[in-house]
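[1] For reference, the sequence and a predicted model appear below.
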Amino acid sequence: MKRFKVILMGAGSRGRNYTDIMAHYSDRFEVVGVADPVKERREYIREKHNISPDKCFERWEEMLSIPKFADIAIIATLDQDHVGPAVKAAELGYDMLLEKPIAPTAEDCAKIKKAADANGVKAVVCHVLRYTPMYSGLKKLLDDGVIGEIMSVDHIEAVGNTHQAHSFVRGNWRTTKETSCMLLQKSCHDLDLIQWLTGKECTRIQSFGSLTHFTKENAPDGAPDRCTDNCPYNEECYYSAYKHYYNEGATIGSKRAVTKMPEPTDEQILKALAEGPYGRCVYKCDNDVVDHQTVNMEFADSMTVTFSMNAFNEGGRRTRIMGTKGEINAYENQAHIYSFADRKTTTVQLAPEGLGETIESGHGGGDGGIVNALYDYLAGIRKATEVSELDISFKNHLLVFAAEESRKNGTVVDMKEFTENLLK
Ligand SMILES: NC(=O)c1ccc[n+]([C@@H]2O[C@H](COP(=O)([O-])OP(=O)(O)OC[C@H]3O[C@@H](n4cnc5c(N)ncnc54)[C@H](O)[C@@H]3O)[C@@H](O)[C@H]2O)c1
């Protein structure tokens, strides 16, 4: 069995996750290099994979300044820091596992695609949802023609109010300037899913949406700038930083995100909340990404699609796909299939119970799924069309950029014209 050597750029939450999974499949992968400015994160990876100290770097720039010493580069730095390492890694001849989004702008996405094409490297973009038992099961039902020809899709991405507050109000993905628009960060997965599930291309697109709730105008009277400044609303506020990061019930993942420590102490958490971004009042942050948005699309063969992404819910995705023979309502790992023939609904369990307890369970099994798909693709077991390969992902990213153009300008965007203009 082929064993691929891997280097990791960005040993944060995603990088750690993928390499932990690779350690589980040590017959297929060997992690041999790491770059991250945060010592604790770098050290975790070094120790876990027994990496030689001369292959541990503070920055990707240093790691990619030496000759190629592995097969695969994982790029798991933050969004705005994908284009640099991806272009350089492609030039050095590394195949890539590239975190989504490819890059925050259409121009940078095109740069990465050009570099990969020019150097003949393969790249898989981390559209992890495709690899979940839930969505791969749904895809199979559609491909088997269970509901006939698809006429229409309604897809909802419910971000969840606490996830919105953590990532898109206080956290890393709160401003378009520092990262990218919400639709790109959160929903490039969904637009990827819709095109992949239906096997059709989008022809026209339109979008509406704004940041409406998480704004200064909605701060309760007299609330200080930080929850840690004796905010009188800590008890009742849904978004109190103590509830999310400190009190009983706060997850280890959220504590790690706030402190950047693998095993944070209470003292470290309280310090991070008092000084860092996650202790801020959610109504007094510098966020500018939308908290609700809709996208309306026309696809080939007059198929219509609506997509809605918003913060004001518990979280979770729901997909309703309507065809000429019936419809499928898919959510929470199940597909409910209504057949026009007998007017009955049957339920199919798409993902096994207990999936949430395994090493590969991140993103509903998608994190483990994509690592396996990467292996199969690079080992020649799966074709490019069977994975979320860079070319395919690039096309899906263009839907996001076109939707944003529509949202800002109040227009309907023709995808053919939009793509031609961009690639001119
Ligand atoms: N596929 C998905 O579903 C999914 C989910 C969450 C995040 N993401 C994406 O994954 C990427 C990483 O997100 P994350 O949550 O792991 O963020 P993170 O902040 O936990 O990790 C990013 C890491 O990059 C490191 N870094 C910064 N500058 C560096 C440099 N010059 N060289 C090397 N490392 C450097 C940081 O220190 C940090 O440890 C982002 O692009 C994000 O949008 C994807």
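    Received the coordinates, thanks.

[2] Not counting sequence-adjacent ones, nearest residue to the residue in the stretch 251-400 of the chain that the ligand sits nearest to?
    Ranking the residues of the stretch 251-400 of the chain by distance to the ligand (CB to the nearest ligand atom) places residue 363 first, at 5.6 Å. Any C-beta I mention is one placed from the backbone N, CA and C, and that applies to glycine too. In space, residue 363 comes closest to residue 128 once its chain neighbours are excluded; the distance is 4.4 Å by CB to CB, 6 or more residues apart in numbering.

[3] and the one you found, how many neighbours?
    Residue 128 sits with 26 neighbouring residues when counted by other CB atoms under 10 Å.

[4] Could you spell out which stretches of the chain belong to which domain?
    Annotated domains of the chain cover 4-121, 129-214+288-360+388-423, 216-279 [automatic domain parsing].

[5] who in the stretch 251-400 of the chain is up against the ligand?
    Taking CB under 6 Å from any ligand atom as the test, the list of the stretch 251-400 of the chain residues beside the ligand reads residue 363.

[6] low-scoring stretches of the stretch 251-400 of the chain, by residue?
    Within the stretch 251-400 of the chain, the set of residues satisfying pLDDT under 70 comprises 354-362.

[7] can you pull out the helices in it?
    Across the stretch 251-400 of the chain, reading from the start of the chain, the helices by DSSP state H, counting those that start in this stretch fall at 252-259, 266-275, 366-378, 390-409.

[8] Go ahead and measure how far the second one is from the middle of the chain.
    For helix 266-275, the separation from the chain centroid amounts to 27 Å (computed by CA atoms, centre = their mean, to the nearest Å).

[9] Which residues outside that helix are in contact with it?
    For helix 266-275, the external contacting residues (CB atoms under 8 Å, 6 or more residues apart in numbering) are 226-228, 241-242, 245-246, 255, 258-261, 264, 278-279.

[10] so how far is residue 119 from residue 406?
    Using CB to CB, to the nearest Å, one obtains 34 Å as the distance from residue 406 to residue 119.

[11] These two: which is more packed in?
    residue 406 (20 against 14).

[12] That one against residue 415, yeah?
    No - contact criterion CB atoms under 8 Å: residue 406 and residue 415 do not qualify, at 10.9 Å.

[13] So for those two, which residues contact both of them?
    Residues within reach of residue 406 and of residue 415 at once, by CB under 8 Å, 6+ apart, are residue 205.

[14] which of the contacts of helix 266-275 tops the neighbour count?
    Using other CB under 10 Å as the neighbour definition, these reach their maximum at residue 241, which records 32 neighbours.

[15] Excluding chain neighbours, what is closest to that one?
    That would be residue 227: by CB to CB, 6+ apart, it lies 4.0 Å from residue 241.

[16] for residue 85, same thing?
    When the adjacent residues along the chain are set aside, residue 85 lies closest to residue 60, with 4.4 Å between them (CB to CB, 6+ apart).

[17] swap in residue 401?
    With CB to CB, 6+ apart as the criterion, residue 401 has its nearest non-adjacent residue at 4.5 Å, and that residue is residue 106.

[18] For the one you found, grab phi and psi.
    phi -60, psi -40 (degrees, to the nearest 10).

[19] cool, and the one 4 residues further on?
    Per-residue torsions, residue 110: phi -60, psi -40 (degrees, to the nearest 10).

[20] Could you measure from it over to residue 87?
    Distance from residue 110 to residue 87, by CB to CB: 11 Å.

[21] Who are the packing partners of the host helix or strand of residue 183?
    Element membership of residue 183 [criterion: DSSP states H and E] is helix 182-198. Packing contacts for helix 182-198, counted by 3 or more CB pairs under 8 Å, 6 or more residues apart in numbering; DSSP states H and E, involve helix 133-143, strand 150-158, strand 202-210, strand 292-299, strand 304-310, strand 316-323, helix 390-409.

[22] can you tell which of these is closest to residue 191?
    Counting by CB to CB, residue 191 lies closest to helix 390-409 out of those; the figure is 4.5 Å.

[23] Looking at this protein, which residue is nearest the ligand?
    Ranked by CB to the nearest ligand atom, the top residue of the chain for proximity to the ligand is residue 12, at 1.8 Å.

[24] and the closest residue to residue 187 other than its chain neighbours, how many neighbours does it have?
    Leaving aside its sequence neighbours, residue 187 sits nearest to residue 309 (CB to CB, 6+ apart; 5.0 Å). When neighbours are counted by other CB under 10 Å, residue 309 registers 22.

[25] How far off centre is the helix holding residue 183?
    Averaged C-alpha coordinates place helix 182-198 at 9 Å from its chain's average position (CA atoms, centre = their mean).

[26] Same question for stretch 287-297.
    Here stretch 287-297 shows a centroid-to-chain-centroid distance of 16 Å under the convention CA atoms, centre = their mean.

[27] got the contact list for that stretch?
    By CB under 8 Å, 6+ apart, the list of residues contacting stretch 287-297 from outside reads 164, 168-170, 173-177, 181-183, 185, 187, 191, 194, 202, 204-214, 304-312, 399, 403, 407.
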